[in-house]
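Asks: Kindly return the folded structure for what I paste below:
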Amino acid sequence: MKTELEELTFLKESWLEEKKFMVFQNHKGELRAVEAHIVQVPNLTMGDKLKARVRKKGCSGREIETVYL
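Replies: Numbers count the residues shown, from 1 in each chain. Model (predicted):
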């Protein structure tokens, strides 16, 4: 699968069915969510900018594979 490097802004932590997620937004305003255990960046605060390796998933979705500082 094709992957891209994307700059993301951290928005918030969220919970769904007892799983913790991190929610990000790219420069186009698109939201990206990923399970918190994939984000190995300590002390994230709202507004922090990160880079992420993102791959296409399905027809229109994208999935974060790795997050970088």
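
Asks: From the rest of the structure, what touches the longest strand seen in the chain?
Replies: Longest strand of the chain, by residue count under DSSP state E: strand 3-16. Defining contact as Cβ atoms under 8 Å, 6 or more residues apart in numbering, one finds that strand 3-16 is touched by 20-27, 31-33, 36, 44-55, 64-65, 67. All C-beta atoms are positioned from the backbone trio N, CA, C, and that covers glycine.

Asks: List the ones among those that fall in strands.
Replies: Per DSSP E, those map to strands at 20-26, 31-33, 49-55, 64-65, 67.

Asks: ok, now how distant is E35 from C59?
Replies: 22 Å (Cβ to Cβ, to the nearest Å).

Asks: quick one: which of those two has more around it?
Replies: E35 (12 against 5; other Cβ atoms under 10 Å).

Asks: one step back: can you give me the offset of the longest strand of the chain from its chain's centre?
Replies: Its chain's C-alpha centre and that of strand 3-16 lie 2 Å apart, by Cα atoms, centre = their mean, to the nearest Å.

Asks: Pull out the buried residues from that strand.
Replies: 6, 8, 10-11 (16 or more other Cβ atoms under 10 Å).
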